[in-house]
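Participant: got a predicted structure plus its sequence, pasted below:
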Amino acid sequence: MTRAADLSCVHGGPDAAGPARWDFSTNANAAGPCPPALHAVQAADATRYPDPSYDALRERLAAWHGVAAARIVVAGSGSEFIQRITAVSQRLRPGPVGVPALAYGDYARAAGGRGRAVVADSHARATLRWCCDPSSPLGQDGWVPQDPQDVPTVLDAVYAPLRLHGRSAWTAVGRDAVFVLHSPNKALGLTGVRAAYAVAPQGAQWQPWLHSLAQAAPSWAVGAHGLAMLDAWVTAPVQQWLAATLPVLRGWQRSQADLLSRRGLAVRASVAPFGCVQLGVPPQALRRHGVQVRDTASFGLPGWARLNTLPPPAQAALAAALDAERGGTAP
């Protein structure tokens with residue numbers, strides 16, 4: 001069924017009130033920032049333009065993924081790529097955009113901005129389809145279409161590096177049939193650095209898409225700092241640091257889930273560090289205590305909140321804020 005696209009812009013992180021002391025609202029790796037990636041960003045030469053074709057970067061990313069460099073599409077951010085491919089596909093394959101029932105609002109916003117209807121991701125009329133694995137806001141295994149090659153599809157894989165449990169159901173063959181979107185800043189704890197890239201599907205039939213995506217890109221889509229982050233992303237020290245953080249995040253996730261469950265709150269299981277909880281208090285009430293969570297109404301899940309996994313001091317602040325607002329004491 002077609003649904004209206006919500007054109008409001010809702011995100012986690014700092015807002016007009018500034019950054020919260022304890023920010024559970026974004027999905028950044030709470031064990032970060034990644035030291036070698038941060039050093040690379042800080043050492044970037046901001047006095048010069050980057051190469052607008054990003055040839056060297058595309059070669060490095062392509063070698064890391066084991067694909068041809070022509071399949072790498074550099075983007076200003078994940079959100080910029082969402083807007084760009086929605087615009088390009090409107091000309092190449094006009095029609096409704098398929099979006100998961102619970103999904104990041106930018107998919108629908110980009111469609112609505114182009115006057116395109118939004119339908120269920122599996123809808124037969126979809127001419128551009130979005131998948132996300134792990135999903136957001138739930139942090140669960142995402143839906144895998146049986147026909148990835150039949151409908152232009154984007155797999156939003158920005159949370160794949162932060163998967164804490166299980167394995168993705170997406171096969172290498174399936175991923176080769178779709179655009180796969182990567183945005184390493186979350187995994188590196190550097191969300192203020194804006195840069196992303198996509199690996200395009202394999203096959204000559206996608207050349208018009210690659211050409212159109214290149215033509216629709218802004219000049220210098222990624223600046224010196226984003227370029228430095230993407231360069232660092234594929235290095236051994238950065239990947240070793242990321243792997244070492246995952247057991248830490250698992251431990252924090254267990255303690256945070258226990259904290260919430262002991263207060264009688266409904267907690268949905270998640271394969272990622274973030275997940276959804278029915279807090280029983282308005283999210284804005286916690287902000288008075290320096291705690292920020294992500295209201296999930298814009299994802300299509302009203303009455304719930306998405307919480308990232310944070311270290312024990314932040315969890316203690318969350319517990320105190322919940323107890324104060326619910327008029328109870330810690331169990």
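Facilitator: Everything's here; your move. Residues are numbered from 1 along each chain as shown.
Participant: state the distance from Pro35 to Gly142.
Facilitator: In this view, Pro35 and Gly142 are 31 Å apart by CB to CB, to the nearest Å. All C-beta atoms are positioned from the backbone trio N, CA, C, and that covers glycine.
Participant: which one's more surrounded, the two?
Facilitator: With neighbours defined as other CB atoms under 10 Å, Pro35 and Gly142 compare such that Gly142 has more, 24 against 13.
Participant: nearest residue to that one other than its sequence neighbours?
Facilitator: Sequence neighbours aside, Asp133 is the residue nearest to Gly142 in space, at 3.2 Å (criterion: CB to CB, 6 or more residues apart in numbering).
Participant: check contacts around that neighbour.
Facilitator: 141-142, 144, 155-157, 159-160, 168-170 (CB atoms under 8 Å, 6 or more residues apart in numbering).
Participant: if we go to 6 Å?
Facilitator: 142, 168, 170 (CB atoms under 6 Å, 6 or more residues apart in numbering).
Participant: one more: Leu210?
Facilitator: Contacts of Leu210 (CB under 6 Å, 6+ apart): Ala200.
Participant: one more time with 7 Å, if that's ok
Facilitator: Shown in contact with Leu210 (CB atoms under 7 Å, 6 or more residues apart in numbering): 70, 73, 200.
Participant: what about Arg268, distance to Gln278?
Facilitator: Counting by CB to CB - Arg268 and Gln278 are separated by 9 Å.
Participant: actually Leu162, sorry about that
Facilitator: For Leu162 relative to Gln278 (CB to CB), the value is 23 Å.
Participant: when these two are compared, which one has more neighbours?
Facilitator: A side-by-side neighbour count of Leu162 and Gln278, using other CB under 10 Å, places Leu162 first with 23 against 15.
Participant: pretty sure that one contacts Ala272?
Facilitator: Yes - if you go by CB atoms under 7 Å, Leu162 and Ala272 touch, sitting 5.5 Å apart.
Participant: helices along the stretch 51-200 of the chain, start to end?
Facilitator: In the stretch 51-200 of the chain, the helices defined using DSSP state H, counting those that start in this stretch lie at 55-65, 78-92, 105-113, 172-176.
Participant: for the last one, name the packing helices and strands.
Facilitator: This points to helix 172-176. For helix 172-176, there is no helix or strand it packs on, judged by 3 or more CB pairs under 7 Å, 6 or more residues apart in numbering; DSSP states H and E.
Participant: who touches it?
Facilitator: 144, 148, 155, 201-202.
Participant: buried subset of these?
Facilitator: 148, 155, 201-202 (16 or more other CB atoms under 10 Å).
Participant: nearest to Arg116 among those residues?
Facilitator: Leu155 (19.5 Å; CB to CB).
Participant: now do the contacts for the closest one.
Facilitator: With CB under 7 Å, 6+ apart, Leu155 has these contacts: 131, 133, 170, 175, 178-181.
Participant: tell me which of these fall in strands.
Facilitator: Filtering the contacts of Leu155 for membership in strands, criterion DSSP state E, returns 131, 179-181.
Participant: export the residues you listed to CSV and tack on distance to Ser122 and neighbour count?
Facilitator: Converted to CSV, the ones in strands among the contacts of Leu155 look like this (distance: CB to CB, whole Å; neighbours: other CB atoms under 10 Å):
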residue, distance to Ser122, neighbour count
Cys131, 10, 25
Phe179, 18, 25
Val180, 19, 26
Leu181, 19, 24
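Participant: closest to Ala120 among those?
Facilitator: Cys131 (12.1 Å).
Participant: strands of the chain, start to end?
Facilitator: 22-23, 72-75, 97-99, 118-120, 128-132, 153-156, 179-182, 196-199, 266-267, 275-278, 291-292, 294-295, 305-307.
Participant: those strands: which one's closest to Gln239?
Facilitator: Proximity to Gln239, assessed across those by CB to CB, is greatest for strand 179-182 (13.2 Å).
Participant: where in this protein is pLDDT low?
Facilitator: Within the chain, the stretches with pLDDT under 70 are 1-11, 328-331.
Participant: in stretch 230-247, what counts as buried?
Facilitator: 230-234, 238-239, 241-242, 245-246.
Participant: now the two most distant members of those.
Facilitator: Asp231 and Leu246 (22.5 Å).
Participant: which of the contacts of helix 172-176 lies closest to Gly12?
Facilitator: Closest to Gly12 out of these is Leu155 (22.0 Å), distances taken as CB to CB.
Participant: what's opposite that closest one in the beta bridge?
Facilitator: Cys131, Val180 (DSSP bridges).
Participant: how far away is it from Leu227?
Facilitator: Counting by CB to CB, the gap from Leu155 to Leu227 is 24 Å.
Participant: before we move on, what about Gly189?
Facilitator: 18 Å.
Participant: ok, Ala285 next?
Facilitator: 41 Å.
Participant: looking at these two, which one has more neighbours?
Facilitator: Leu227 (24 against 15).
Participant: circling back to that earlier point, I'd like the buried ones among the contacts of helix 172-176 as a markdown table, with distance to Gly105 appended.
Facilitator: Converted to a markdown table, those look like this (distance: CB to CB, whole Å):
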| residue | distance to Gly105 |
| --- | --- |
| Pro148 | 24 |
| Leu155 | 18 |
| Pro201 | 25 |
| Gln202 | 30 |
